[in-house]
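Q: Next input, structure requested:
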Amino acid sequence: MTKLIACLSTGKGTWTEVIKLIDSEPWEKVFLITNDFGKEKFTHEKAELIVVKGNVNEMRDQIHASLKNKLSFEEVAVNLISGTGTEHMAIISAVLKLGVGMRIVTTEENKIKEV
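A: Residues are numbered from 1 along each chain as shown. Next up, the predicted model:
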């Protein structure tokens with residue numbers, strides 16, 4: 001089973017896409033990178049929220065610190081449908097810094113598709 005790392009932030013309609021992604025696969029674990037608004041407004045029983053703020057380097061370090069003991073040398077699925085370019089850069093940088101492989105994924109017709 002694969003672990004999912006997804007951004008849950010800005011973008012009209014993107015939260016619905018993230019929910020579909022979470023529900024379309026029996027993920028081993030789901031990590032959602034979000035902000036204070038996401039922490040306050042979003043709930044899903046399968047998701048662990050990682051709240052980030054600051055510049056790209058600060059966000060990268062927060063993500064890295066949150067995930068470093070939760071991922072080993074494995075492959076993770078990553079989805080960046082939601083959020084900003086700064087958040088996306090921080091997520092990609094943190095995942096690469098952890099030394100894990102990643103697949104960029106989306107959902108189509110309730111099935112996971114690799115991009």
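
Q: Can you show me the helices along this protein?
A: In the chain, the helices defined using DSSP state H lie at 14-23, 36-41, 56-67, 85-98.

Q: packing partners for the second one?
A: Helices and strands in packing contact with helix 36-41 are listed as strand 47-51; criterion 3 or more C-beta pairs under 8 Å, 6 or more residues apart in numbering; DSSP states H and E. C-beta coordinates here come from the backbone N, C-alpha and C atoms, glycine included.

Q: repeat for the third one
A: Here helix 56-67 touches strand 29-34, strand 47-51, helix 85-98, going by 3+ C-beta pairs under 8 Å, 6+ apart.

Q: okay, those, which one's buried deepest?
A: The highest mean neighbour count among the helices and strands packed on helix 56-67, using mean count of other C-beta atoms under 10 Å, belongs to strand 29-34: a mean of 23.

Q: and the direction of the longest strand along the chain versus that of helix 85-98, what angle?
A: Identified as the longest strand of the chain according to DSSP state E is strand 101-108. Following axes from the mean of the first three to the mean of the last three C-alpha atoms, to 10 degrees, one obtains 140 degrees for the angle between strand 101-108 and helix 85-98.
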